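>>> I would like to see how this sequence folds:
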Amino acid sequence: MNIIDTSNLTKKYGNKIALDNIDLSIGKGKIVGILGPNGSGKTTLIKILVGLLRPSKGEVLINGNKIGVETKKIVSYLPDRNFLYSWMKVKDAGKMYSEFYEDFNQDKFTDLIEFMNLEMEMKVSELSKGMHEKLNLSLVLSREAELYILDEPIAGVDPVARDQILDAIINNYSENSSMIITTHLVRDMENIFEDVIFLQNGTIVLQGNAEELRIEHGNQIDGIYKEIFGQ
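Reported below is the predicted structural model:
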C-alpha cells in the first residue's frame, strides 16, 4: 500500500486552477521532494493532504484512508509559517504538543532541543526566525508519525540553522515512516531526496527516482530544476 494516492486531484480558487488533475502515488518509507517555484501549487497540495483545504474534485487517500480523523492521527505537519503562541516558552510548546498528540515523544523532543542549541526556558517571542524554524521542526519530528509533511523547512534561515535543520531531518528520519518536503531551495536539499516531483502551474511536469533522473538528464536535481523553471 502507498502512503499517498491521489486521483484527478483538482483545486480551484474561483477561476484560478491551483492543482489540475493531479495523479500521484508515493510509496511508504521514502523521503520525497516536491519542487517548484512559488505559486506552483506545492502548498495547496500539502494543505489538502493535511486536511486544511478540501479539493474541488478528485480523490485523496493517505495510507488507504480518506482525509479525516484517521489520517490526521498519523501525519505530522510543519506549516510554512510560525504556529506557536508568543507567550510560550520552548517547554510550553512541548507540553502543548504532548497534550495534543499521543505519539509525541518527550525524550526525543528534549534531545532535539539540545541538538538545535535551544533551551527549554527560552521565550518564543524572543526567538529569531532560524530559532523558530528549529523549534517548530523539533516539535514535528518528536511525534512518532507515519508521515511527516514539511512545507519549506529551510526557507529564510541562515546557513548555520539550515545545516542544523537538515541534519535533524536526516538523523531523526525512521525507515518505518515517510516524509514529504516542499522546497524551492533545491541545491541545499536535493541530497536527502529519494524521489522528486516537479510541480508547475498546478501540474506534475516531471517525477521519478532522484538518482535515475540525474543519470537520465546528466545533471543534478538543482540543474534539472533550473532547466524546467528557467531559474
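>>> this protein: helices as residue ranges?
Listed in chain order, the helices of the chain (DSSP state H) span 42-49, 69-74, 90-100, 106-115, 129-141, 159-171, 186-189, 210-217, 221-229.
>>> give me the residues contacting the fifth one.
This points to helix 129-141. The contact list for helix 129-141, computed with Cβ atoms under 8 Å, 6 or more residues apart in numbering, reads 76-78, 82-84, 90, 93-94, 97, 108-109, 112-113, 116-118, 122, 124, 127, 148, 150, 153-154, 156-158, 160-161, 164-165, 168-169, 172. From N, CA and C alone the C-beta is placed, and that goes for glycine too.
>>> of those, buried ones?
76-78, 84, 90, 93-94, 97, 109, 112-113, 116, 118, 122, 124, 127, 148, 150, 153-154, 157, 161, 164-165, 168-169, 172 (16 or more other Cβ atoms under 10 Å).
>>> so where is the chain shaky, pLDDT-wise?
Applying pLDDT under 70 to the chain flags residues 231.
>>> ok, now which ones touch the residue most central in space within the chain?
Closest residue to the average C-alpha location of the chain: L150 at 1.7 Å, with Cα atoms, centre = their mean. The contact partners of L150, by Cβ under 8 Å, 6+ apart, come to 78, 137, 140, 169, 179-182.
>>> ok, 7 Å please
By Cβ atoms under 7 Å, 6 or more residues apart in numbering, L150 lies in contact with 78, 179, 181.
>>> R187 too?
So R187 contacts D222 (Cβ under 7 Å, 6+ apart).
>>> counting neighbours, what do you get for the nearest residue to Y225 once chain neighbours are set aside?
Sequence neighbours aside, V186 is the residue nearest to Y225 in space, at 4.7 Å (criterion: Cβ to Cβ, 6 or more residues apart in numbering). Counted with other Cβ atoms under 10 Å, residues neighbouring V186 total 22.
>>> what's the answer for the one 3 residues further on, then?
The tally of other residues near M189 (other Cβ under 10 Å) stands at 25.
>>> wait, it touches T183, no?
Yes: M189 lies in contact with T183 (Cβ atoms under 7 Å); the separation is 5.2 Å.
>>> which residues do those two both contact?
Shared contacts of M189 and T183, counting by Cβ under 7 Å, 6+ apart, come down to 33, 154.
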